[in-house]
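Participant: coordinates only, sequence not included:
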């Protein structure tokens, strides 16, 4: 059920505030926003160029991750450590490789850490 409309509103009319630039102050505000956006775009381009130049000259040293030894690890030892130390199998494998595939050394190293 439709509510009665005031007599000055016709079907299909839009509210004046919904029409962009319907008065001079709104038009001026919109133009100001457009010019500000253009200025920001040129500033961002200059900043991006400066950042790219700085990144080119930056030397990033890779993190020194201890190299895993090329040690063959038994799956039974991995399962043993994973269950008893409550660690993932990947972590258990790392522990074993770091300790020459000796599960007792690996457990001691994990406890000492």
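Facilitator: Thanks, I have the structure now. All values reported here derive from a predicted model rather than from experimental measurement.
Participant: elements contacting the least confident helix or strand in the chain by mean pLDDT?
Facilitator: Least confident helix or strand, the chain: helix 24-57 with a mean of 73, by mean pLDDT, DSSP states H and E. Of the remaining helices and strands, none touches helix 24-57 by 3 or more CB pairs under 8 Å, 6 or more residues apart in numbering; DSSP states H and E. Where C-beta positions appear, they are placed from N, C-alpha and C, glycine not excepted.
Participant: by contact count, what packs against the helix or strand just after that helix?
Facilitator: Using DSSP states H and E, the helix or strand that follows helix 24-57 towards the C-terminus is helix 75-85. Applying 3+ CB pairs under 8 Å, 6+ apart, we find helix 75-85 packed against helix 89-98, helix 103-112.
Participant: got the buried residues for helix 75-85?
Facilitator: Residues 77-78, 80-82, 85 are the ones in helix 75-85 that count as buried (16 or more other CB atoms under 10 Å).
Participant: could you redo these as a markdown table and give each row pLDDT and distance to residue 44?
Facilitator: Listed next are the buried residues of helix 75-85 as a markdown table, based on pLDDT from 0 to 100; distance: CB to CB, whole Å:
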| residue | pLDDT | distance to residue 44 |
| --- | --- | --- |
| 77 | 94 | 56 |
| 78 | 94 | 51 |
| 80 | 93 | 57 |
| 81 | 93 | 52 |
| 82 | 93 | 50 |
| 85 | 91 | 51 |
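Participant: would you turn these into CSV with distance to residue 55?
Facilitator: Shown next, in CSV, are those (distance: CB to CB, whole Å):
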residue, distance to residue 55
77, 45
78, 41
80, 47
81, 42
82, 41
85, 42
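Participant: Check the helices and strands packed on helix 75-85 for me and report the most buried one.
Facilitator: Compared across these, helix 89-98 shows the largest average neighbour count, a mean of 18 (mean count of other CB atoms under 10 Å).
Participant: and residue 99, how far is that from residue 72?
Facilitator: 13 Å (CB to CB, to the nearest Å).
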